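Enquirer: Below are the sequence and a predicted model; questions follow.
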Amino acid sequence: MNLHRASGILLHPTSLPSPFGIGDLGLEAYHFVDFLVSTGQSLWQILPLGPTGYGNSPYTCLSAFAGNPLLISLEKMAEDGFLDSSDIKNPPPFPRNRINYSWVISYKVPLLKKSFQTFKEKCSAGQPDDFYVFCQENAFWLEDYSLFMALKVAHDNKIWTSWEAEVVRRDPRALAEWRNRLDDEVQYNKYIQYIFFKQWQSLKSYCHQKRVRIIGDMPIYVAHDSAEVWVNQHLFYLDDKGNPLVVAGVPPDYYSATGQRWGNPICRWDLMAQSGYQWWIDRFRMNFLLVDILRIDHFRGFEAYWEIPAAEPTAVCGRWVKGPGAALFNAVKAALGDIQVIAEDLGVITAEVDALREQLGFPGMKVLQMAFGSGSRGREYRPHNYPRNCVVYTGTHDNNTTIGWFTVEPGMHTTLTKEEVEKERQFALKYIETDGKEIHWDFIRLALSSVAWMAIFPLQDVLGLGVEARMNLPGTTPGNWEWRFTADMLTPAIGDRLRELAGIYERCPEQSH
């Protein structure tokens, strides 16, 4: 990976300010890019962009290819003439710092539907041509996805395994009948994806104009209730009714004494290899249309993954199974050329996982919140032990904020005892040589000063927020993925301080060439 010293901010677009209850791809996204530039940052890291299902997790999406309709900017749609300005003049009084997904959906979806009616009227007049080009270029996933979403609506959003048996097994005659019956809803879903990708590409182009690169995120696993699993049932370990035989997760670890049972179906790597990993090549290609650098979530699963019998309620009774290793990535590189990848190599990491990452040349991740524990893994996360070819984070979306990590009482956030937590904190104070009053800035400085090519920090750390701003608590569902900031939080003082530090440690774009 061709890297130079750079730094940036982790912020999912849903967390952007907006009068419509959820961050979107509108004006505030462009303002955030301007903030990055003004503070000497050249990287914007996001989470997966797909349409979320139950629990609102971007890691459990209804499609591995589609974009999230809730990220569509209503204001941009009004600018383009698909909505009237009066349609969005008086939005409900949404919470400013949290996302209430049910409120957002009930407000936003009817407006998206209304815009589709306007779009159809324009199409009847012979425009726009780029919609038809988009549909043709993306037909390999868009046709199935649009039907899948239409079928979900027709079946009260129930999981696809509960649909009619002939639809579950994808009988061609049944699918043709349903496609004809649901034609308007199918076309609506194509239109929504067209709008999403149009707005995203506009934002991406703006980032490139400003010399900001986007770091995306691709989960190793896809959701069971997704278009891709429904369409490619033979590529996953499922029974004859479409239910998983085994599911994904991780064994007991720092976060949970019973491990994490994610519930995703597991790939039939043998069958995927027979097709030359074409499904994966398509996934990578699609992701790199959206982003410049791709973080691969749970990279260790490509070397060996934790397989849990579907009947098991926790992740305790699982086993390690060998993954595809370098063969998958060699196939992707042969098809796409050099790929810019960050390997998320956190958790239970073995010498074999490290060897695979090094063989592929991918930088791994170093998280400062994990640097002060005992044992060899803690030592690997301390900056004086970093290789250059890595990306350092103060924390990730799965971690507490740095202030939260430093101040919260031990309990549900970690399996560590009170004494172990206190020992970590005291060691951190000694290591950094600080009194901890601005621990978030201490961590940001530590990340920026390291030899790691890239340094990333969640916006929550830049803003000095506590546990209330945590994005996700692994192994739980309520309250996750809801945090948002408000525009007034990005003060000139914060911006000046961040730019000064980026300059001191030679992370600014103008210093990198």
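Expert: Looks like it arrived, so ask away.
Enquirer: how about low-confidence regions in the stretch 201-350 of the chain?
Expert: The model of the stretch 201-350 of the chain has pLDDT under 70 over residues 254-255.
Enquirer: Now with 90, please.
Expert: By pLDDT under 90, the low-scoring segments of the stretch 201-350 of the chain are 252-260, 346-349.
Enquirer: do the chain as well
Expert: 1-4, 54, 121-129, 252-260, 346-349, 373-378, 408-421, 474-478, 509-513.
Enquirer: top helix in it by residue count?
Expert: Looking across the chain with DSSP state H, the single longest helix is helix 183-209.
Enquirer: Show me what it is packed up against.
Expert: Applying 3 or more CB pairs under 8 Å, 6 or more residues apart in numbering; DSSP states H and E, we find helix 183-209 packed against helix 27-38, helix 101-124, helix 129-137, helix 139-154, strand 213-219. (C-beta placed from N, C-alpha, C; glycine too.)
Enquirer: most neighbours per residue, which of the ones you listed?
Expert: strand 213-219 (a mean of 21; mean count of other CB atoms under 10 Å).
Enquirer: Got phi/psi on the closest residue to L465 other than its chain neighbours?
Expert: In space, and not counting its chain neighbours, L465 is closest to T401: 5.4 Å by CB to CB, 6 or more residues apart in numbering. Phi and psi for T401, reported as degrees, to the nearest 10, are phi -60, psi 160.
Enquirer: Going along the chain, name the strands of the stretch 351-500 of the chain.
Expert: 364-367, 390-393, 454-458 (DSSP state E, counting those that start in this stretch).
Enquirer: so which of the helices and strands packed on helix 183-209 gets nearest W320?
Expert: For the helices and strands packed on helix 183-209, proximity to W320 was assessed by CB to CB; strand 213-219 is nearest, at 19.2 Å.
Enquirer: quick one: strands adjacent to that closest one?
Expert: The strands beside strand 213-219 in its sheet (DSSP bridges) come out as strand 43-45 (parallel), strand 293-297 (parallel).
Enquirer: thinking again about what came up before, would you turn the strands of the stretch 351-500 of the chain into a markdown table with distance to R181?
Expert: Putting those into a markdown table (distance: least, CB to CB, whole Å) gives the following:
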| stretch | distance to R181 |
| --- | --- |
| strand 364-367 | 47 |
| strand 390-393 | 48 |
| strand 454-458 | 45 |
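Enquirer: Can I get those strands in CSV including mean neighbour count and distance to L11?
Expert: Output for those, formatted as CSV (neighbours: other CB atoms under 10 Å; distance: least, CB to CB, whole Å):
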stretch, mean neighbour count, distance to L11
strand 364-367, 21, 17
strand 390-393, 27, 13
strand 454-458, 27, 7
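Enquirer: I'd like to know which of these is closest to L111.
Expert: Closest among these, once you apply CB to CB, is strand 454-458, at 30.5 Å.
Enquirer: Adjacent strands (with direction) for the closest one?
Expert: strand 6-10 (parallel), strand 390-393 (parallel).
Enquirer: quick one: which of these is nearest I444?
Expert: That would be strand 6-10 among the strands paired with strand 454-458, by CB to CB, at 8.9 Å.
Enquirer: which residues touch that closest one?
Expert: Strand 6-10 is contacted by residues 36, 40-46, 212-213, 215, 393, 396-397, 447-448, 453-459, 462, 502, 507, 509, 512 when judged by CB atoms under 8 Å, 6 or more residues apart in numbering.
Enquirer: tell me the most buried of the strands paired with strand 213-219?
Expert: Of all the strands paired with strand 213-219, strand 43-45 carries the top mean neighbour count, a mean of 25, counting by mean count of other CB under 10 Å.
Enquirer: and that strand, how far from the chain's centre?
Expert: Counting by CA atoms, centre = their mean, to the nearest Å, strand 43-45 is centred 12 Å from the centre of its parent chain.
Enquirer: Tell me the first helix or strand C-terminal of that strand.
Expert: Of the helices and strands lying after strand 43-45 in sequence (DSSP states H and E), the nearest is helix 74-79.
Enquirer: Report the buried residues of that next one.
Expert: Using 16 or more other CB atoms under 10 Å as the test for burial, helix 74-79 gives L74, E75, K76, M77, A78.
Enquirer: just stretch 436-445 next, same as before
Expert: So, applying 16+ other CB under 10 Å, buried residues of stretch 436-445: I439, H440, W441, D442, F443, I444, R445.
Enquirer: State the distance from the residue nearest to L465 to T407.
Expert: Separation of T401 from T407 (CB to CB, to the nearest Å): 9 Å.
Enquirer: would you turn the strands paired with strand 213-219 into TSV with distance to K122?
Expert: Listed next are the strands paired with strand 213-219 as TSV, based on distance: least, CB to CB, whole Å:
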stretch	distance to K122
strand 43-45	32
strand 293-297	35
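Enquirer: how about those, which one is nearest A310?
Expert: Here strand 293-297 is closest among the strands paired with strand 213-219 (CB to CB), at 21.5 Å.
Enquirer: Name the residues of the next helix or strand after that closest one that are buried.
Expert: Using DSSP H and E, the next helix or strand after strand 293-297 towards the C-terminus is strand 304-309. Buried positions in strand 304-309, judged by neighbour count with 16+ other CB under 10 Å: A304, Y305, W306, E307, I308.
Enquirer: Redo those as CSV? Include distance to D156.
Expert: Compiled in CSV, the buried residues of strand 304-309 are given as follows (distance: CB to CB, whole Å):
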residue, distance to D156
A304, 39
Y305, 33
W306, 33
E307, 32
I308, 29
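Enquirer: Is L289 within a helix or a strand, and which one?
Expert: helix 278-290.
Enquirer: Which positions in that helix come out as buried?
Expert: Neighbour count says helix 278-290 has W279, W280, I281, D282, R283, F284, M286, N287, F288, L290 buried, by 16+ other CB under 10 Å.
Enquirer: my read: S449 touches P383, true?
Expert: Yes - S449 is within contact range of P383, at 7.4 Å (criterion: CB atoms under 8 Å).
Enquirer: could you measure L43 against D442, distance?
Expert: In terms of CB to CB, L43 sits 21 Å off from D442.
Enquirer: ugh, typo on my part, it should be R5
Expert: 20 Å.
Enquirer: Please apply the same query to I342.
Expert: I342 is 24 Å from D442, by CB to CB.
Enquirer: Repeat that for S15.
Expert: Computed as CB to CB, the S15 to D442 distance reads 23 Å.
Enquirer: Please apply the same query to S86.
Expert: From S86 to D442 the distance is 50 Å (CB to CB).
Enquirer: and G21, helix, strand or coil?
Expert: coil (DSSP: H, G, I helix; E, B strand; the rest coil).
Enquirer: list the contacts for the nearest residue to it once chain neighbours are set aside?
Expert: Closest residue to G21 apart from its sequence neighbours, by CB to CB, 6+ apart: F94 at 3.5 Å. By CB under 8 Å, 6+ apart, the residues touching F94 are P19, F20, G21, N100, W103, V104, Y107.
Enquirer: tell me which residues in stretch 468-481 are buried?
Expert: A469, R470, M471, N472, L473, P474, G475, N480, W481.
Enquirer: how near is the first one to F119?
Expert: Per CB to CB, A469 is found 37 Å from F119.
Enquirer: now swap in the fifth one and tell me
Expert: Noted for L473: a distance of 40 Å to F119, by CB to CB.
Enquirer: Please apply the same query to the third one.
Expert: The span separating M471 from F119 equals 34 Å under the rule CB to CB.
Enquirer: What of the fourth one?
Expert: N472 sits 35 Å away from F119, going by CB to CB.
Enquirer: ok, back up a step: ok, so of the buried residues of strand 304-309, who is nearest C267?
Expert: Closest to C267, out of all of the buried residues of strand 304-309 and judged by CB to CB, is Y305, at 8.8 Å.
Enquirer: is it true that that closest one touches P324?
Expert: No - applying CB under 8 Å as the test, Y305 and P324 come out as separate, 10.0 Å apart.
Enquirer: Nearest residue to G81 in space, please, no chain neighbours.
Expert: Closest to G81 by CB to CB, 6+ apart is T118, at 7.2 Å.
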